[in-house]
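# One predicted model, sequence on top.
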Amino acid sequence: MSSGLRSFLAIVLSMGVLILWYTVIAPPPAPTPQVSSKTPTEGTKTTDHGLRTLRQGSGQATDYGPAAGRVPQGEEVVLENDLVRIALNTDGGVITGWTLKEYTRNGEGMVSLAEAGGRVVEMDQGPVQFSVKTKSKTSVELAARDKGQSVSKRFYLKEGSYQLEMEIEVKNLAAKTLSFNPAIWWGKQAVEESPQRGILFFKTPPDRWHPIYFQEGGLKEVLWERVPAAQTLGGRFDWIGAQSRYFLGTVIPVGAQGNTLETGKYLQEGGEAFFFQKLIFQTAQVLPGERWAQKFLIYGGPKDYKRLKVIIPGLEKTLGLGWTTLVAVPMLYLLKFFYQLIHNYGVAIILLTILVKILLNPINRKSLASMKGMQAIQPRLKELRQKYGEDKQKLNQETMQLFKNNKINPMGGCLPMLLQIPIYIALYKVLWSSV
């Protein structure tokens, strides 16, 4: 058996051991989370607006805004397609459930991106008690009328998609101009888990969620440990949302940008946490008898590069591919291709790893040949050092001539190996967030 084949088999077996370790051997339980208070970042304006506290078992919350962690008490309305089941509530017209049908959490039930206490996607304007005006399996219109204004919310769920369209319309029924600052809320409940110990290092739990937003062309992430109690940011904001390692939830205003973002969190006794974001838009002035309307795209699903790319530019950055994107994206498509063939991610990962190794084999062979050549001329190099040890210039000249005569590149052994590093980093990033 050749040395190249032995090396190849060794790599395949090593990958098998790593996959077996992570899939079969359970990691040790995470330490009990410690609840600590964080000081807001210097240079930002802090406010108590939106911050609330909830004691376990009390059922009472101090509520400073519509995104409080209480469970809505209205009628539940369900929209459903082949990929997701979305629960709405007429109390505020909020999303209280978002279940992914094709994904399970540790094989014990479908993945949920929203909970009743999270009140995902809530408009900070108008009456909160809605009634169902029209309803189908994939669409619903909620309507309410109060205090000289009428408010309607229309939801439409696309078939074969994780994307929900929402349109909010406010009509001024009074005799004077209606003025308000439209604002959209995003809330998410999560467990403040501690990092888990991996084979060589600590890793972030895959179910840990943290807020994200897209500001002035760049993706901003706020790790859970750094989410302030309450904070206000200014600028141009394209969308807000939350993500875990594998899944993403976002609210995207169509044709509009927010100019203020309020964000914060509260902690419950026992470790459960709730973080929120409030995106505030430019002041709306609605004349008597006129209407104000705004559309939103809401995505809740896996971090699928192909799906995210077509929704809005920049959303695919949530995969965290960074500078490896050029190499990582083809690998991502290959991984999906293998999965569609065999419907097993473990085997798909092994096949992708083998394919990458095969493609890099010519570089590895060249590197190995160069190292063998260097090994073969070591006796001659030793003689030159003994002969010209005192004359460094002559030693360098004779050494370079020796390399030239034997057609050996002294960098030929390590340079090809260095060229492979970005490829393996890209492979790691692809495997890290793929589902």
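Cool, got the structure.
# hey, what's the spatially closest residue to residue 112 that is not a sequence neighbour bridged with?
For residue 112, ignoring the flanking residues on the chain, the nearest one in space by CB to CB, 6 or more residues apart in numbering is residue 99 at 5.2 Å. Where you see a C-beta, it was placed from the backbone N, CA and C, and this is true even at glycine. With DSSP bridges applied, the residues forming beta bridges to residue 99 are residue 85, residue 112.
# Now for residue 99, how many residues are close by?
18 (other CB atoms under 10 Å).
# Can you give me every residue that contacts it?
Taking CB atoms under 8 Å, 6 or more residues apart in numbering as the contact definition, residue 99 lies against 84, 85, 86, 110, 111, 112, 113.
# Please apply the same query to residue 291.
Applying CB under 8 Å, 6+ apart to residue 291 gives the contacts 169, 170, 171, 172.
# Repeat that for residue 209.
If a contact means CB under 8 Å, 6+ apart, then residue 209 has 188, 190, 224, 242, 243, 244, 275 as its contacts.
# ok, 10 Å please
Counting by CB atoms under 10 Å, 6 or more residues apart in numbering, residue 209 makes contact with 113, 118, 188-191, 224, 241-245, 247-249, 273, 275.
# one step back: which among the contacts of residue 99 count as buried?
If you count burial by 16 or more other CB atoms under 10 Å, the buried members of these come out as 84, 85, 86, 111, 112, 113.
# and which of these is nearest residue 403?
Minimum separation from residue 403 among the buried ones among the contacts of residue 99 (CB to CB) is found for residue 111, which lies at 58.1 Å.
# For that closest one, give its distance to residue 277.
21 Å (CB to CB, to the nearest Å).
# ditto for residue 394
Using CB to CB, one gets 70 Å for the distance from residue 394 to residue 277.
# thinking again about what came up before, and which of the buried ones among the contacts of residue 99 is nearest residue 419?
Using CB to CB, residue 111 is the member of the buried ones among the contacts of residue 99 that lies nearest residue 419, at 38.5 Å.
# surely the closest one meets residue 245?
No: with the criterion set as CB atoms under 10 Å, residue 111 and residue 245 do not qualify as a contacting pair; they are 12.0 Å apart.
# What are the contacting residues of stretch 398-418?
Identification of contacts with stretch 398-418 by CB under 10 Å, 6+ apart yields 360, 362-377, 380-381, 383-385, 387-388, 391.
# which helices and strands does the longest strand anywhere in the chain pack with?
If you go by DSSP state E, the chain has its longest strand at strand 230-243. Taking 3 or more CB pairs under 10 Å, 6 or more residues apart in numbering; DSSP states H and E as the contact definition, the neighbouring helices and strands of strand 230-243 are strand 183-191, strand 210-215, strand 218-221, strand 247-253, strand 258-267, strand 272-280, strand 291-302.
# switch to 8 Å and redo it
Counting by 3 or more CB pairs under 8 Å, 6 or more residues apart in numbering; DSSP states H and E, the packing neighbours recorded for strand 230-243 are strand 183-191, strand 210-215, strand 247-253, strand 258-267, strand 272-280.
# Of the ones you listed, give the one that comes closest to residue 80.
strand 247-253 (17.5 Å).
# list the helices and strands that closest one packs on?
So strand 247-253, by 3+ CB pairs under 8 Å, 6+ apart, packs with strand 94-104, strand 183-191, strand 230-243, strand 291-302.
# Need the winner for burial among those strands.
When the helices and strands packed on strand 247-253 are scored by mean count of other CB atoms under 10 Å, the highest mean neighbour count falls to strand 183-191 (a mean of 23).
# ok, that one: who's next to it in the sheet?
Every partner of strand 183-191, by DSSP bridges, with its direction: strand 122-123 (antiparallel), strand 272-280 (antiparallel).
# gap between the residue in the chain sticking out farthest from the centre and residue 403?
Among the C-alpha atoms of the chain, the one most distant from their mean position (CA atoms, centre = their mean) is that of residue 387, at 61.8 Å. Distance of residue 387 to residue 403, given as CB to CB: 17 Å.
# Quick check: next helix or strand after the helix or strand encompassing residue 171?
Assigned by DSSP states H and E, residue 171 belongs to strand 163-172. Sequence-wise, the next helix or strand downstream of strand 163-172 (DSSP H and E) is strand 178-180.
# so what does that next one touch, helix or strand wise?
Identification of packing neighbours for strand 178-180 by 3+ CB pairs under 8 Å, 6+ apart yields strand 163-172, strand 284-286.
# buried sites along the longest one?
For strand 163-172, the buried set under the neighbour-count rule, 16+ other CB under 10 Å, comprises 163, 164, 165, 166, 168, 169, 170, 171, 172.
# same thing with the last one?
The neighbour-count criterion (16+ other CB under 10 Å) identifies 284, 286 as the buried residues of strand 284-286.
# partners of that strand, with directions?
Partner strands for strand 284-286, per DSSP bridges, with pairing direction: strand 178-180 (antiparallel).
# So for the strand it pairs with, what gets flagged as buried?
Buried positions in strand 178-180, judged by neighbour count with 16+ other CB under 10 Å: 178, 180.
# Any idea how far it is from the middle of the chain?
With CA atoms, centre = their mean, to the nearest Å as the basis, the distance from the averaged C-alpha position of strand 178-180 to the chain average is 36 Å.
# For the longest helix along the chain, enumerate the helices and strands it packs against.
Assignment by DSSP state H gives helix 345-376 as the longest helix of the chain. Identification of packing neighbours for helix 345-376 by 3+ CB pairs under 8 Å, 6+ apart yields helix 3-24, helix 325-342, helix 415-433.
# Following element in sequence after that helix, please.
Next along the chain after helix 345-376, taking DSSP H and E as the criterion, comes helix 378-387.
# for the record, mean pLDDT for that following helix?
Along helix 378-387, the predicted confidence averages to a pLDDT of 82.
# Alpha carbons only: can I get that helix in CSV?
Listed next in CSV are the C-alpha coordinates belonging to helix 378-387 (Å, rounded to 0.1, in the frame of the first residue of the first chain):
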residue,chain,number,x,y,z
GLN,A,378,20.2,16.2,3.0
PRO,A,379,23.6,14.4,3.0
ARG,A,380,24.9,16.8,0.3
LEU,A,381,23.6,19.8,2.2
LYS,A,382,25.4,18.6,5.3
GLU,A,383,28.6,18.4,3.3
LEU,A,384,28.2,21.9,2.0
ARG,A,385,27.7,23.2,5.5
GLN,A,386,30.8,21.5,6.7
LYS,A,387,32.8,22.8,3.7
